[in-house]
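In: After the sequence you'll find the predicted model.
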Amino acid sequence: MTAFLITAFLGLLLIVIGIINMTGNISSLHWYHRQRVAKEDIKPLGKRVGIGTILCGAAIIFFGAMSLIYELTSLMPLMWIGSTVMLICIAIGIFITLKAIIKYNKGLF
């Protein structure tokens, strides 16, 4: 149960950061990811980075739920499903975030 609470807290934290980013507040990004972003591109950058962050947070919560159900039922396929979904969603979330940073910052660094 403790592991679920920790993963749920981490997932919710990422979702909150994603929502903050989507409002146009990109202060959670490192300074060099914000340095060359035009004023009119801050909102679209925040929205795309926020979507990626929310996807990562939701994936972590899903994994935590699957692991909690596994602890209660001992059904091993739930761990495989939870792990697979989490890894795929985190990879997609990171891809969305990096693509937005490269597009609006004209590069990663």
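Out: Arrived safely. Residues are numbered from 1 along each chain as shown.

In: Surely residue 29 is in contact with residue 52?
Out: No - applying C-beta atoms under 8 Å, one finds residue 29 not in contact with residue 52, separated by 11.3 Å. (C-beta placed from N, C-alpha, C; glycine too.)

In: Neighbour count for the two, which is higher?
Out: Higher neighbour count among residue 29 and residue 52: residue 52, with 25 against 18, using other C-beta atoms under 10 Å.

In: Residue ranges in this structure under the pLDDT threshold?
Out: The model of the chain has no residue with pLDDT under 70.

In: Next, residue 107: secondary structure please.
Out: coil (DSSP: H, G, I helix; E, B strand; the rest coil).

In: so the closest residue to residue 6 other than its chain neighbours, which of the three states?
Out: Leaving aside its chain neighbours, residue 6 sits nearest to residue 64 (7.8 Å; criterion: C-beta to C-beta, 6 or more residues apart in numbering). Under three-state DSSP, the three-state class of residue 64 is helix.

In: and residue 64, how many neighbours?
Out: Residues near residue 64, counting by other C-beta under 10 Å: 21.

In: same thing with the one 10 residues further on?
Out: The burial count assigned to residue 74 is 9, neighbours taken as other C-beta under 10 Å.

In: now swap in residue 54 and tell me
Out: Residue 54: 21 neighbours (other C-beta under 10 Å).

In: Skipping its backbone neighbours, what lies nearest it in space?
Out: residue 18 (3.6 Å).

In: Distance of the one you found relative to residue 109?
Out: Applying C-beta to C-beta, to the nearest Å, the value for residue 18 to residue 109 is 23 Å.

In: quick one: which of those two has more around it?
Out: Each of residue 18 and residue 109 has its neighbours counted (other C-beta under 10 Å); residue 18 has more, 24 against 8.

In: CA atoms only for the helix or strand where the more buried one lies, dumped as PDB, please.
Out: Using DSSP states H and E, residue 18 maps to helix 2-22. Output of helix 2-22 as PDB, limited to C-alpha atoms (Å, rounded to 0.1, in the frame of the first residue of the first chain):
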ATOM      1  CA  THR A   2       2.900   2.400   0.800                       C
ATOM      2  CA  ALA A   3       4.400   1.800  -2.700                       C
ATOM      3  CA  PHE A   4       1.000   2.800  -4.300                       C
ATOM      4  CA  LEU A   5       0.800   6.000  -2.200                       C
ATOM      5  CA  ILE A   6       4.300   7.000  -3.200                       C
ATOM      6  CA  THR A   7       3.700   6.400  -6.900                       C
ATOM      7  CA  ALA A   8       0.300   8.100  -6.700                       C
ATOM      8  CA  PHE A   9       1.800  11.100  -5.000                       C
ATOM      9  CA  LEU A  10       4.600  11.300  -7.600                       C
ATOM     10  CA  GLY A  11       2.100  10.900 -10.500                       C
ATOM     11  CA  LEU A  12      -0.200  13.600  -9.000                       C
ATOM     12  CA  LEU A  13       2.800  15.900  -8.600                       C
ATOM     13  CA  LEU A  14       3.700  15.500 -12.200                       C
ATOM     14  CA  ILE A  15       0.100  16.100 -13.300                       C
ATOM     15  CA  VAL A  16       0.000  19.300 -11.200                       C
ATOM     16  CA  ILE A  17       3.300  20.500 -12.800                       C
ATOM     17  CA  GLY A  18       1.900  19.600 -16.200                       C
ATOM     18  CA  ILE A  19      -1.300  21.700 -15.500                       C
ATOM     19  CA  ILE A  20       0.900  24.600 -14.400                       C
ATOM     20  CA  ASN A  21       2.900  24.300 -17.600                       C
ATOM     21  CA  MET A  22      -0.200  24.300 -19.700                       C
END
